[in-house]
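> okay, sequence plus prediction incoming.
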Amino acid sequence: MEAIFGQFFGLFLFFVVFTPLERYFALRKEQKIFRPGWLTDATYFLLNRFMVDSVSFLIIVVLAIVWHWMISPDFQAKVAAQSTWLQFIEALLLIEVLGYFYHRWSHSSPLLWKFHAVHHSSSQMDWLAAARGHPLDQIFARAFFFVPFYVIGFNEKTLGGFVFILALNGIYLHSNMRFRPKYLRWLIVTPEHHHWHHSNDIEARNKNFAALFPFMDLIFGTLYLPKNKTPQTYGVSENVPKGFLGQLKYPFKKI
Ligand SMILES: [Zn+2]
Ligand SMILES: [Zn+2]
């Protein structure tokens, strides 16, 4: 019970912080605070954490047993002997590289896309749209991160810390804000970058998979940051249901 109050408090806190920011720096001034789909996304915000955390914990325990043979205590000791900063940078780059490829895979694999399409189904973008995501989409992504993290020997706290940082960053990237810092937009992912990822405009499809550094998209040929242009459309071509339960069931429906 306490945990659900915590989620309510988090939702309230983000609402209080982002509502004025989105008014002041609005990319789309006409967009309503309580835009279509906000209740669905608020439900995800309140419930997803419990579903994702409990199932990913079980998966992590199973993977830890299955992949145990890959572990070299000597190698892990060398990793742990490095300075905290070096470990932080290595873990950050590892997360970004793995995240990029998992994200790209979740768009190219028809099976994974059914789950990831739920996240892309918002027709308007704001901070709350970040919460929309099928729990299995998030669980698969975590399982994908976990094995290399575990084998290399970064501890669970580091992984937990990054999951938290990426969640906060995700809320900012979806927000209805216009930031176009001249050079920074090429160095660090901004809402502009991730909004193009959510666009259904033909020229923007399958672009901008990075979560932190646009150079990942640049290296692998998926960067799209046009000058003086903003997305015309957001969403997907498929008919994803609008409600929370319908979206949970959506990937299991036969087409
Ligand atoms: Zn995506
Ligand atoms: Zn997104």
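Thanks, I have the structure now. Given the structure is predicted, the values throughout are model-derived calculations rather than measurements. Ligands and ions are numbered 1, 2, ... in the order given.

> any idea how far residue 118 is from residue 42?
In this view, residue 42 and residue 118 are 15 Å apart by C-beta to C-beta, to the nearest Å. For the C-beta atoms, the positions are set from N, CA and C on the backbone; glycine is no exception.

> neighbour-wise, which of these two wins?
In this comparison of residue 42 against residue 118, neighbours counted by other C-beta atoms under 10 Å, the higher total goes to residue 118 at 27 against 19.

> tell me which element the more buried one falls in.
Using DSSP states H and E, residue 118 sits in helix 110-120.

> mind giving me the packing neighbours of that helix?
helix 84-108, helix 135-152 (3 or more C-beta pairs under 8 Å, 6 or more residues apart in numbering; DSSP states H and E).

> could you dump those helices into TSV with distance to residue 27 and mean pLDDT added?
TSV is the format used below for the helices and strands packed on helix 110-120 (distance: least, C-beta to C-beta, whole Å; pLDDT from 0 to 100):
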stretch	distance to residue 27	mean pLDDT
helix 84-108	22	93
helix 135-152	25	88
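
> return the most buried member of those.
The densest packing among those, expressed as mean neighbour count by mean count of other C-beta atoms under 10 Å, is seen in helix 135-152 with a mean of 19.

> mind putting the helices and strands packed on helix 110-120 into a markdown table with distance to residue 222?
Written out in a markdown table, the entries for the helices and strands packed on helix 110-120 read as follows (distance: least, C-beta to C-beta, whole Å):
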| stretch | distance to residue 222 |
| --- | --- |
| helix 84-108 | 7 |
| helix 135-152 | 18 |
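
> confidence score at the residue most central in space within the chain?
If you average the C-alpha coordinates of the chain and look for the closest C-alpha using C-alpha atoms, centre = their mean, you land on residue 170, 5.4 Å from that point. With respect to pLDDT, residue 170 scores 95.

> residues touching it, list them.
Taking C-beta atoms under 8 Å, 6 or more residues apart in numbering as the criterion, residue 170 is in contact with 130, 211.

> shaky segments in the stretch 151-255 of the chain?
Regions of the stretch 151-255 of the chain meeting the criterion pLDDT under 70 cover residues 255.

> list the buried residues for stretch 108-127?
112-122, 124-127 (16 or more other C-beta atoms under 10 Å).

> return the member of those residues nearest to residue 149.
In terms of C-beta to C-beta, no member of the buried residues of stretch 108-127 lies closer to residue 149 than residue 112, at 20.2 Å.

> and that closest one, how far is that from residue 141?
From residue 112 across to residue 141, the span is 9 Å (C-beta to C-beta).

> okay, and the common contacts of these two?
residue 106.

> what about the longest helix in the protein?
Residue-count comparison of every helix in the chain, with assignments taken from DSSP state H, identifies helix 38-66 as the longest.

> tilt between that one and helix 135-152?
Interaxial angle of helix 38-66 relative to helix 135-152 (axes from the mean of the first three to the mean of the last three C-alpha atoms, to 10 degrees): 30 degrees.

> how far out from the middle of the chain is stretch 241-254?
For stretch 241-254, the distance between its averaged C-alpha position and the chain's averaged C-alpha position is 19 Å (C-alpha atoms, centre = their mean, to the nearest Å).

> still on that earlier bit, any buried residues in the longest helix of the chain, and which?
Buried-residue list, helix 38-66, by 16+ other C-beta under 10 Å: 38, 40-49, 51-53, 55-56, 60.
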